[in-house]
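Visitor: Mind looking at a prediction? Sequence and model below.
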There are 2 protein chains.
Amino acid sequence: MQKIADVKSANAVLQWDQETYMPPKGASFRGQQISTLSEIAHQMFSDPSLSELLTELSGRQDLSEDQSRNVELTLEDYTKNKKYSSAFVRQMSEQINKTFHSWIEARKQNAFAVYEKDLDALVQLKKEEAEILGYEKHPYNALLDEFEKGATVEMLDKTFGDLLPKLKTILEKINIAVPVDDSFLRQHFPKDKQWNWGMYLIKELGFDFKAGRQDISEHPFSTSFSAKDVRITTRIDEADFGNMTWSCIHETGHALYEQGLLEENYGLPLGEACSYSLHESQSRLWENNVGRSERFWEHYFPKLKAHFPEQFGEVDLLTFYKGINKVAPSLVRTEADEITYHFHVFIRYELEKNLIEGLLTTKDIPAYWNEQYKKWLGVTVPDDKRGCLQDVHWSHGSFGYFPTYSLGSFYAAQFYAQAKKEIPNLENLIKTGDSSTLLSWLRKNIHPFGRKYSSEKLCHKVTAQSLSVEYFLNYVRHKYGSIYRIT
Amino acid sequence: MQKIADVKSANAVLQWDQETYMPPKGASFRGQQISTLSEIAHQMFSDPSLSELLTELSGRQDLSEDQSRNVELTLEDYTKNKKYSSAFVRQMSEQINKTFHSWIEARKQNAFAVYEKDLDALVQLKKEEAEILGYEKHPYNALLDEFEKGATVEMLDKTFGDLLPKLKTILEKINIAVPVDDSFLRQHFPKDKQWNWGMYLIKELGFDFKAGRQDISEHPFSTSFSAKDVRITTRIDEADFGNMTWSCIHETGHALYEQGLLEENYGLPLGEACSYSLHESQSRLWENNVGRSERFWEHYFPKLKAHFPEQFGEVDLLTFYKGINKVAPSLVRTEADEITYHFHVFIRYELEKNLIEGLLTTKDIPAYWNEQYKKWLGVTVPDDKRGCLQDVHWSHGSFGYFPTYSLGSFYAAQFYAQAKKEIPNLENLIKTGDSSTLLSWLRKNIHPFGRKYSSEKLCHKVTAQSLSVEYFLNYVRHKYGSIYRIT
């Protein structure tokens, strides 16, 4: 399993390089190299002798609890992996590579049409994948399961169905409340100064730069080649302060989780993150529950002012805090506030569900997208770049990924509420710039377990109950009630 | 073969990252990942079905000349590769990784002793490798053959035996001639300004930045993941202008060769560089025959003056030209002039030969090194960092590599003499900043063939005779005769 992890990690290095430093003409051979490594990892994990070994180990009585769990999960993964043929794995990898490059080109030309054909080929492969994996009720369930074991259309329809009307009500109250000013975020913030500020914050949050680094890419992401080498990326918009800072905090949240996995479990399920939504709970907890709180900026705003005296010299803490939490329907998911964000996710979820079911074709995407944005958020999409071309996920073949973002927010709220219970002075600590106590709590309660528990079980273990959107709703009501003076 | 190339290229990406961007704690897992990919590439290339295929292809009459040559060389490589067991390949790769990190640490502590044990383990493996490969007369011949097919102790002893006394005579005349002043090279040259200057030069020489890039590393090197993605690195010494500029030109020479290999031969012998000495002939031709010529700087010195007006404002072209060609026995190979350079190589060659034969142990290295530097160059080595710890090569397992540096200089002189014959106005073109005509000549006569011809045969094809040190001697006599006014 460690050798397979070596190949997968090598592939992750190739992908990291592709999105950070690779020269453009390198793309075609790089795609081929990534496909070959994917295929090799797949073949290694399909080795029949592994099946024998795992079956034998499954029957053994002398394994520790962790060993047994590693065997159980590996056998589960093995059985799933065996369903894919090598040819299919290679075809998928090559199509992902082609689609990714079409997406880059389409964004350059600001034209979805450039991307449509390759995306369609990928959607067809994802449909095929759903059939290969098998599913109950809805083919999209098979794809959801890849990112969040046990997640279903039924469960998500219900969750969004419960939540969105309530968020809509809050949104309507905000719309008629006194507007918040965030114009001070859109001044000129020089690249180098932003970069230095981001690096400072990341260090403050406990990212270990001896076991990781940050670079620049088109779309921020985090990746890991072992718990000792975790990479994050960011992008800088000189005209918008918000663009980089919270992406840095977000990716740091992911990275802190990866750096908190146990080195000795490298290559084993217990050395892998629990699930995508749990991963996202870590990034969102730091980005929002911590990084957009008044407490946090009580400590860091004076430092930010010293770093950008021209831009923030005249801004006071409360104005800053309100500004960075301004709620306003907008076009781009990654720049959305904590309330409207979930409408962005819901639109993508519905779109993917329909695509996979065949109720929608890729050709229909721009029109459908623009219509939904009008319907749910009341905004008019001016072009594809700020519309259906904004996310990289489909170009990575990640259909079923978006819902984990919302689930991540819900888990984050529930975990943070629990941390507050267990660390009575938590909010005061954060006020003094101490985030290490919270990190220690996460390092004790969440990070080291990897996939030992399912999301559901881990949530129970940490908070003594199942996932409940009530924590998120309470958080939102309390926070925005105070900012917008609404009840 | 292309799939094997994918794995090897992936491994080259891992190694590039290791020396440019990888955080320090990533080292241990990275070593493991590199070992695993080496082992996989080795296994793929040991597949018995490949043997059948190659044997069948060898008998086919319907192949083109290039196809036949690809089959012939692949079979040759296959037969050699089969001699290594997977366990040996893995052991070697792991030991190289350990030794590389000991070398880094030993340089930090400036203490050979930190490195000695790992180096010794590696030397034992290289001895074992010589036995595995088999050899005639001297075990070191087996290792030489890895870097320069056909090179032998006999041939090198004769070449160095012929050349060094003649170089020694020139050196003695220089020692009593009017000294050259190069103090203007050792002023303060800010990092960023040097970097920009290097990037400008590299571009001027024809490096395709859409198919490659430059980064910073401890020790400059070039590597390639395909002809469309060629990476070079450099290092910057703010107190010494010479340190970076000619390393940039040198690595660009390597890169221009790699970028000139044919894309369609990716993964095949004809898509690989002819040999290490041929590779080195390209880097040295650009670094020395072009990059240290008066002609070249006639065009670029005014530009350099504009870039560093404070440092070079008062320096005239002739002073600059003489200064950058100053001959003086020194400690560090990579900073040596074109004459003393070959003594540095000879010392390493003798040392390796003795190590592999068992006449010398790794413990003896510092004493032996310092004694030889005293004997051949008359210099006293003050510490290991500027002595036997200066080169990365052994830490990469590259025993038998150094002689190709000298051979490269000799080929470079012979090729450059031929280019002058075939491009009558070559020197005038270079005076006007046109190096593209020379590049075109290399792209026609040397770059596209890959391993189609052996070094020996390619030399014949290009210059109508075998390698002869006379070209190098003539070049040296003419150039330094004029600089130092000696006959």
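Guide: Noted; the coordinates are in hand.

Visitor: quick one: contacts for whichever residue of the stretch 251-400 of chain A sits closest to chain B?
Guide: Taking Cβ to the nearest Cβ, chain B has its nearest neighbour within the stretch 251-400 of chain A at A:Y266, 6.6 Å off. Yep, even glycine has a C-beta here, placed from its N, CA and C like the rest. Counting by Cβ atoms under 8 Å, 6 or more residues apart in numbering or on different chains, A:Y266 touches A:2, A:5, A:226-227, B:29.

Visitor: got the residues of the stretch 201-350 of chain A near chain B?
Guide: Within reach of chain B by Cβ under 8 Å from any Cβ of the partner chain, the stretch 201-350 of chain A has these residues: A:208-213, A:215, A:225-226, A:228-229, A:266.

Visitor: Any quick PyMOL command for the buried ones out of those?
Guide: To isolate the buried members of these in PyMOL, using 16 or more other Cβ atoms under 10 Å in any protein chain shown:
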select buried, chain A and resi 208+211+212+213+225+226+228+229+266
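
Visitor: mind giving me the domain split of chain A?
Guide: Per the record, chain A has its domains at A:2-138, A:153-180+A:267-484, by automatic domain parsing.

Visitor: In PyMOL, select just the buried ones from the contacts of A:Y266.
Guide: The PyMOL selection below is limited to those of the contacts of A:Y266 classed as buried (16+ other Cβ under 10 Å):
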select buried, (chain A and resi 5+226+227) or (chain B and resi 29)
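
Visitor: and which of the contacts of A:Y266 is nearest to B:Y405?
Guide: When the contacts of A:Y266 are compared for distance to B:Y405 (Cβ to Cβ), B:F29 wins out at 33.1 Å.

Visitor: Help me confirm that that closest one comes into contact with A:V230.
Guide: No - in this structure B:F29 lies outside contact range of A:V230 using Cβ atoms under 8 Å: 11.3 Å.

Visitor: which one is A:Y300 nearest to, not counting chain neighbours?
Guide: Distances taken as Cβ to Cβ, 6 or more residues apart in numbering or on different chains place A:G433 nearest to A:Y300, at 7.0 Å, with adjacent residues excluded.

Visitor: The one you found belongs to a strand, doesn't it?
Guide: No - residue state for A:G433 (DSSP: H, G, I helix; E, B strand; the rest coil) corresponds to coil; a strand is not indicated.

Visitor: mind listing what it touches?
Guide: Here A:G433 is in contact with A:204, A:299-300 (Cβ under 8 Å, 6+ apart).

Visitor: Apply 10 Å and report the result again.
Guide: A:204, A:295-296, A:298-300, A:303 (Cβ atoms under 10 Å, 6 or more residues apart in numbering or on different chains).

Visitor: Could you save those residues as JSON lines and add columns showing secondary structure?
Guide: Shown next, in JSON lines, are those (three-state DSSP):
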{"residue": "A:E204", "secondary structure": "helix"}
{"residue": "A:R295", "secondary structure": "helix"}
{"residue": "A:F296", "secondary structure": "helix"}
{"residue": "A:E298", "secondary structure": "helix"}
{"residue": "A:H299", "secondary structure": "helix"}
{"residue": "A:Y300", "secondary structure": "helix"}
{"residue": "A:K303", "secondary structure": "helix"}
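
Visitor: Make sure A:I232 is indeed in a strand.
Guide: Yes - A:I232 forms part of a strand when assessed by three-state DSSP.

Visitor: count of neighbours near the closest residue to it other than its chain neighbours?
Guide: Among residues not flanking A:I232 along the chain, A:E251 sits closest, at 3.9 Å (Cβ to Cβ, 6+ apart). Using other Cβ atoms under 10 Å in any protein chain shown, A:E251 is surrounded by 26 other residues.

Visitor: A:E251: which element?
Guide: Using DSSP states H and E, A:E251 sits in helix A:241-259.

Visitor: same question, A:F225
Guide: A:F225 is part of strand A:222-226, with elements assigned from DSSP H and E.

Visitor: helices or strands next to that strand in the packing?
Guide: helix A:2-20, strand A:212-216, strand A:229-234, helix A:241-259, helix B:27-44 (3 or more Cβ pairs under 10 Å, 6 or more residues apart in numbering or on different chains; DSSP states H and E).

Visitor: All set now, cheers.
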